[in-house]
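K.L.:
quick one, what's the 3D model for this:
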Amino acid sequence: MVYSSPSPPVPVSLEPLHTKMLNAIESHIAADPNAVAFVCAEDNNVRLTFREYREKAKNCAQFLSDRGFGHKNVLCQVLPNGLEYPVVLLGVLQCGGTMSGASAMFTDYELERQFLDSRCTAVATDEAHLPKVMQAAERCPQIKTILCVRKGNKSLPKGVFAYDEAIRTKFRGLPPYKFSPDDVALLPYSSGTTGSPKGVMLSHKNFGTMVEVVQAHQNQYISSFLSNNGNKFQWRGQPLCLMLPFYHIYGMGLLMNTVLEGLQGIVFKKFEPTIFLENIQKFKVQILFLVPPILLFLAKHPVAEKFDLSSLRVVISGAAPAGKDLCQEFTRKYPKARIAQAYGMTECGMASHIADFKQSDDYTSVGIVLNNFEQKVVDVTTGAEVPLGQRGEICVRSPTVMLGYLNRPEATAETIDKDGWLHTGDIGYLGKDLRMNIVDRLKELIKVKGLQVPPAELEDLLLSHPKIGDAAVIGIKDERCGEVPMAFVVRQDESLTIKDVLKFVEGKVSSYKWLAGGVEFLKEIPKAPSGKILRRFLRDEVARREKARL
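P.N.:
Numbering: from 1, shown residues only. Presented below is the predicted three-dimensional model:
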């Protein structure tokens, strides 16, 4: 049976995402001309007001437009979180362009793949990451503009433009273009249920509706939970920690929430424990959106006890499952804070389920399906809908669901069926209260600290080594990271060592994709007649040995 959200639907957003953002910014400026939009976590004296944000974004848009960037062009940001990121985002959108994001940890090999796939014509980065961006861009002839955040007035290589000069470009007006709600606004990369990273096309309608849905849920449930003695909780001006990467849809959603609700976004370049705790204490943060590894840190790390975190009231954990024991341990340490899990994926726009704060404290549910969403659970083999309480694959349908994967119609058809249902690749069941419970992942994606590591990507890389004949990668449990990749390798040359394999991978991909789970040599990789790797055999063998060791 198909179940709709118990919450009333919000109007489907048909306006440009940048119009929505600029209207909200004008509202915040009218309420307080000096309202702060973003503050640097590492140096709280570095701030950006909403007024400054509006002007810098317009100037950035003019700079990009003057260099031929316009409607349907793609810009890729290769930047750690910083005050420049939202400026470039809004500048790109005002030009009618599409913003994609790549991890600043990516190697030039990984950047080249995404640059070519996205067909981006512009890149924004900083001095620290400029060398590898330029290396990758040399092999991507479609890239015409590289924008660089620099320190001071350091000279930059020929053909690279300084961000500080771009935001001083006088705004004169942008050329008109024909807007469609189905124009692609964001192009984050996701591995979907399986396979290598793919560009997820999120239109202005998709993501514009998504942020409206999240706002409606926040105002209906979180606001009422935080309101005291008839005094309604006010979102405008509330501090919000922005430590999740903006290139990830979760981080982008929080950035957008900051702009639309008028929050004060505390921007972290990276997660540094002491700085994180200092900012919670200083700004008296009430609401945290985080991932399980940070939840684990707050619950278990002794340094957290040295700070006053009593302001915390609501903690939402997403991007990967947080265990019941961990949630209970967190609650014991922070009894005033209410913790809940959320669920979603890039392909659905960001989130499909968030707790309503009315369920019991068993921590196993990710809550109710959000406004504008429908949900069902189907048999993995037959595709038939299953009754309440029975496990199956979770499917959702909503106007927030992606247009599809960029240039991958077959992968899109495998993920979204003819009736518009997004097949998530996750196993779960609906309780009698219609709250979703996540059981397992049908998909093979490995999540390291909430970051996606597709086995197929690492397997492809391993198979490119001349001394490797075959390879398979699985995720194994790790207390600190949630999961880490482990490789099984068939040697083509017996001289190949485990150290050789580890160094080869470390020289090609980001550190979170390294084979932290180790390498094991096999005579043969277990496969089905179809050629599909039987990962469950490998996982079962690792589990058996771990059990024997204990």
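K.L.:
strands of the stretch 301-450 of the chain, start to end?
P.N.:
Per DSSP state E, counting those that start in this stretch, the stretch 301-450 of the chain carries strands over the ranges 314-317, 338-343, 353-354, 365-369, 374-378, 392-397, 404-405, 422-430, 436-441, 446-448.
K.L.:
can you list the low-confidence ranges for this protein?
P.N.:
191-195, 358-362, 441-442, 528-532, 550 (pLDDT under 70).
K.L.:
and it, what are its domains?
P.N.:
Domain assignment for the chain by automatic domain parsing gives 45-202, 454-549.
K.L.:
ok, which of these comes nearest Ala413?
P.N.:
Closest approach to Ala413 among these (CB to CB): domain 45-202, 12.0 Å. Using the backbone N, CA and C atoms, a C-beta is placed for each residue, glycine as well.
K.L.:
end-to-end on the closest one?
P.N.:
Length of domain 45-202, first residue to last, CA to CA, to the nearest Å: 35 Å.
K.L.:
what residues are up against Glu506?
P.N.:
Contact analysis of Glu506 by CB atoms under 8 Å, 6 or more residues apart in numbering lists Trp514.
K.L.:
how far away is it from Lys300?
P.N.:
28 Å (CB to CB, to the nearest Å).
K.L.:
same deal with Gln375?
P.N.:
Per CB to CB, Gln375 is found 34 Å from Lys300.
K.L.:
ditto for Asn45
P.N.:
From Asn45 over to Lys300 the distance is 32 Å, taken as CB to CB.
K.L.:
of those two, who's got more company?
P.N.:
Lys300 (13 against 6; other CB atoms under 10 Å).
K.L.:
now do the strands in the stretch 51-200 of the chain.
P.N.:
Using DSSP E, counting those that start in this stretch, strands in the stretch 51-200 of the chain cover 74-77, 98-101, 122-126, 145-149, 160-162, 184-186, 189-190, 198-203.
K.L.:
would CSV of these with mean neighbour count and distance to His28 be doable?
P.N.:
Output for those, formatted as CSV (neighbours: other CB atoms under 10 Å; distance: least, CB to CB, whole Å):
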stretch, mean neighbour count, distance to His28
strand 74-77, 26, 24
strand 98-101, 26, 22
strand 122-126, 26, 25
strand 145-149, 23, 25
strand 160-162, 18, 29
strand 184-186, 24, 21
strand 189-190, 22, 31
strand 198-203, 25, 24
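K.L.:
what residues are up against Gly482?
P.N.:
For Gly482, the contact set (CB under 8 Å, 6+ apart) comprises Pro292, Pro293, Ala320, Lys447, Val448, Lys449, Gly450.
K.L.:
make it 7 Å
P.N.:
If you count contacts by CB atoms under 7 Å, 6 or more residues apart in numbering, Gly482 has them with Pro292, Pro293, Ala320, Lys447, Val448, Lys449.
K.L.:
my guess is the second one contacts Lys449, does it?
P.N.:
This points to Pro293. Yes: the pair Pro293 and Lys449 qualifies as a contact (CB atoms under 7 Å) at a distance of 4.5 Å.
K.L.:
who touches both of these two?
P.N.:
Taking CB under 7 Å, 6+ apart as the criterion, Pro293 and Lys449 both touch Cys481, Gly482.
K.L.:
any chance of TSV for the strands of the stretch 301-450 of the chain, columns distance to Cys40?
P.N.:
Converted to TSV, the strands of the stretch 301-450 of the chain look like this (distance: least, CB to CB, whole Å):
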stretch	distance to Cys40
strand 314-317	23
strand 338-343	27
strand 353-354	28
strand 365-369	32
strand 374-378	39
strand 392-397	37
strand 404-405	35
strand 422-430	36
strand 436-441	35
strand 446-448	27
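K.L.:
re the thing from before, Val439: which of the contacts of Gly482 is nearest?
P.N.:
Among those, Ala320 lies closest to Val439 (CB to CB), at 14.1 Å.
K.L.:
for Glu393, give its distance to Pro9.
P.N.:
Distance from Glu393 to Pro9, counting by CB to CB: 24 Å.
K.L.:
and those two? Which one has more around it.
P.N.:
Neighbour totals were compared for Glu393 and Pro9, and Glu393 leads with 21 against 17 (other CB under 10 Å).
K.L.:
contacting residues for that one?
P.N.:
Residues near Glu393 by CB under 7 Å, 6+ apart: Val377, Val378, Val380, His423, Thr424, Gly425, Ile427, Leu442.
K.L.:
give me the contacts around the helix or strand containing Met21.
P.N.:
Under the criterion of DSSP states H and E, Met21 resides in helix 17-31. Identification of contacts with helix 17-31 by CB under 7 Å, 6+ apart yields 13, 35, 50-51, 53-54, 90, 93-94, 185, 204, 207-208, 236, 259-260, 262.
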